[in-house]
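> What shape does this take:
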Amino acid sequence: MADYFQLLSAFAVVFLALYYYFTSTFDFWKNRGVNGPQPVPVFGNIKDIIMGKCALGTYTVKLYDEYKNEPMVGIFVRRSPHLVLIDLDRIKDVLIKDFSTFSNRATLIFEKTEPLSAHLFNLETERWRPLRTRLSPVFTSGKIKDMFPLILECSNQLKECLEKIVEKDGLLDCREIAARFTTDVIGSCAFGISMNALSDEESEFRRMGKQIFKSNLTTILKGSFKEAMPKLYNTLGFVLPQTEITKFLTTIVSETIKYRKEHNIIRPDFINLLIDLKDNPHKLENIELTDTLLAAQAFVFFVAGFETSSTTIGHALYEMALNHDIQDKLRQEINEFYAKNKGNWTYDDVKGMSYLDKVFKETLRKYPPGLLLRRKSTNNYTFSGTKVSIPKDTGVLIPVYAIHKDPNIYPDPEVYDPERFNEDAVAARHPMAFLPFGDGPRNCIGARFAVYQTKIGLIQMLTNFKVDVCDETLIPYVQHPTSRVFAPIRSIILKISKV
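Model prediction:
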């Protein structure tokens with residue numbers, strides 16, 4: 001009997017210790033006068049997200065709507081307090097005015113277990129700032145102009161691929177074909193490599209791209225483990241083997257650099273910048289520039305370059321199929337420019353297409369690839385106009401998707417209306433009401449590149465083809481509950497035919 005009580009007492013002590021660990025922070029926001037939903041042990045306020053019952057976008061909209069009269073709301077990501085900003089002026093403070101206090105992202109880096117996570121998007125300020133400065137030149141308008149013929153060449157291959165689909169059965173998996181197109185564009189413009197994703201459905205690069213964004217029970221459990229016990233996860237780098245993606249991309253980058261140096265090949269692209277950094281490490285001050293760190297920068301360019309643009313192309317085509325009047329109006333603008341330039345598209349032609357720009361922005365409003373912006377305070381901070389103070393290292397979240405769905409900002413937000421982005425409408429809105437690429441010094445470095453590869457893809461598709469819904473089209477649209485980017489629960493299939 002004594003042994004039984006000792007065992008019971010031991011369990012009770014362990015249970016109470018765990019309960020205290022998971023709940024000891026739960027008075028954080030109450031003590032600071034910030035309202036928020038009641039958290040639960042282990043999960044905090046994100047139980048349904050962790051369990052795959054609720055998409056991240058859906059959750060943020062519900063939270064935003066419930067507390068929309070508050071300037072901010074306090075939540076817990078498991079046991080970690082995070083502040084969700086609702087007031088647009090406070091968002092501007094974090095992203096721009098007081099950027100120096102919020103220059104870090106609230107993201108985790110696992111350099112031992114996941115060396116490719118040490119990329120520009122994730123890096124802490126000390127390494128991010130010099131790297132951003134040195135990598136920015138590849139994304140200037142002048143460099144995009146230089147890349148323009150390469151993007152056009154890939155779009156011609158896209159046309160050939162679409163013609164084969166029309167001849168076969170006309171059923172288009174629009175996000176998949178767009179991902180293959182943007183994979184080839186990234187390969188050509190950034191790495192000087194023919195990735196052959198459009199010509200070969202089994203392309204190794206496309207296979208890797210799919211693997212990166214694969215969502216299943218294993219990736220969900222792994223993600224939960226990383227977030228719940230990041231220090232323990234990172235120490236496992238000594239026993240966990242490198243992932244296939246890490247090996248693949250590290251090898252590709254190192255071999256490409258080696259080949260170019262041996263053959264004295266110079267191209268105005270991303271790899272050339274990495275070679276320059278490798279040859280001149282003093283340009284990065286005190287950063288240790290390893291082959292893995294170089295590969296991590298190539299990794300984020302590859303991933304962000306193909307996934308966000310392909311998602312936007314796919315969603316734009318989906319809306320074109322649902323709204324033929326918008327599709328026809330856009331095609332009319334494309335045809336007018338086509339007649340003017342006789343099919344010889346230039347950078348300035350694409351830049352001058354105002355309705356295409358509205359379609360592009362309305363797609364990003366309704367389907368922003370990034371649902372949240374994440375920041376972390378580098379010092380103690382008090383929000384202006386409030387008595388709310390947060391300590392150093394507090395996570396701050398900006399609910400981009402929820403802002404884009406606010407009917408007070410965008411009336412009838414479920415309606416797809418490119419005219420929301422005419423000059424008068426844009427001027428009347430708060431500048432923080434549209435954040436698909438973030439804002440401030442830490443906005444998306446490749447935004448300009450994404451704009452042009454997306455627009456060229458749409459131009460090529462709608463010049464020669466029209467899209468319609470079919471029996472297999474996802475109607476109504478349903479978000480994937482576990483995807484890390486804005487994505488549908490299943491493939492978007494449309495009927496494509498020649499104009």
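> buried sites along stretch 385-400?
388, 390, 394-400 (16 or more other C-beta atoms under 10 Å). C-betas here are computed from N, CA, C, even on glycine.
> Pull the most distant pair out of those residues.
388 and 400 (21.3 Å; C-beta to C-beta).
> Reformat the buried residues of stretch 385-400 into CSV and put pLDDT next to each item.
Compiled in CSV, these are given as follows (pLDDT from 0 to 100):
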residue, pLDDT
388, 96
390, 98
394, 97
395, 96
396, 98
397, 98
398, 98
399, 98
400, 98
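> Restricted to strands, list the residues you listed.
390, 395-398 (DSSP state E).
> ok, back up a step: and of the buried residues of stretch 385-400, the nearest to residue 96?
Nearest member of the buried residues of stretch 385-400 to residue 96, counting by C-beta to C-beta, is residue 398, at 11.9 Å.
> Quick check: that closest one touching residue 368?
No - taking C-beta atoms under 8 Å as the definition, residue 398 is not a contact partner of residue 368, at 11.3 Å.
> Quick check: neighbours shared by those two?
Counting by C-beta atoms under 8 Å, 6 or more residues apart in numbering, the contacts common to residue 398 and residue 368 are residue 435.
> Where do the strands of the stretch 251-400 of the chain begin and end?
Using DSSP state E, counting those that start in this stretch, the strands of the stretch 251-400 of the chain run over 373-376, 381-382, 389-390, 395-398.
> possible to save those strands as a markdown table with distance to residue 107?
Below are the strands of the stretch 251-400 of the chain laid out as a markdown table (distance: least, C-beta to C-beta, whole Å):
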| stretch | distance to residue 107 |
| --- | --- |
| strand 373-376 | 6 |
| strand 381-382 | 19 |
| strand 389-390 | 18 |
| strand 395-398 | 10 |
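> what's the closest of those strands to residue 41?
Comparing the strands of the stretch 251-400 of the chain by C-beta to C-beta, strand 395-398 comes nearest, at 19.1 Å.
> List the pairing partners of that closest one within its sheet, with orientation.
Its sheet considered, strand 395-398 pairs with strand 80-85 (parallel), strand 373-376 (antiparallel) by DSSP bridges.
> any idea how far that strand is from the chain center?
Relative to the chain's own centre, strand 395-398 is displaced by 16 Å; criterion: C-alpha atoms, centre = their mean, to the nearest Å.
> what comes into contact with it?
Taking C-beta under 8 Å, 6+ apart as the rule, strand 395-398 contacts 75, 77, 80-85, 91, 94-95, 102, 106, 372-377, 390, 435.
> do the same with stretch 23-31
Residues outside stretch 23-31 that contact it (C-beta under 8 Å, 6+ apart) are 35-36, 39, 41, 74-76, 79-81, 83.
> Just confirm residue 411 is within a helix.
No - with DSSP: H, G, I helix; E, B strand; the rest coil as the criterion, residue 411 is assigned coil and is not in a helix.
> Tally up the residues packed near it, please.
10 (other C-beta atoms under 10 Å).
> ok, so what distance separates it from residue 428?
The spacing between residue 411 and residue 428, counted by C-beta to C-beta, to the nearest Å, is 12 Å.
> And the nearest residue to residue 493 once chain neighbours are set aside, how far from residue 424?
With sequence-adjacent residues excluded and distances taken as C-beta to C-beta, 6 or more residues apart in numbering, residue 493 is closest to residue 472, at 4.0 Å. As for residue 472, its distance to residue 424 is 39 Å (criterion: C-beta to C-beta).
> So for the two, which residue has more residues nearby?
Higher neighbour count among residue 472 and residue 424: residue 472, with 14 against 7, using other C-beta under 10 Å.
> Residue 492 is in contact with the more buried one, correct?
No - using C-beta under 8 Å, residue 472 is not in contact with residue 492; the gap is 9.3 Å.
> How about residues contacting the host helix or strand of residue 178?
When elements are assigned from DSSP states H and E, residue 178 belongs to helix 174-186. Identification of contacts with helix 174-186 by C-beta under 8 Å, 6+ apart yields 150-151, 154-155, 157-158, 161-162, 165, 194-198, 201, 203, 205-206, 209, 301-302, 305-307, 309-311, 313-314, 317-318, 453, 457, 467, 487-488, 491-494.
> again, but for stretch 478-488
Residues contacting stretch 478-488 (C-beta under 8 Å, 6+ apart): 52-55, 57-58, 175, 213, 215, 219-220, 307-308, 311, 315, 367-371, 401, 474, 477, 489.
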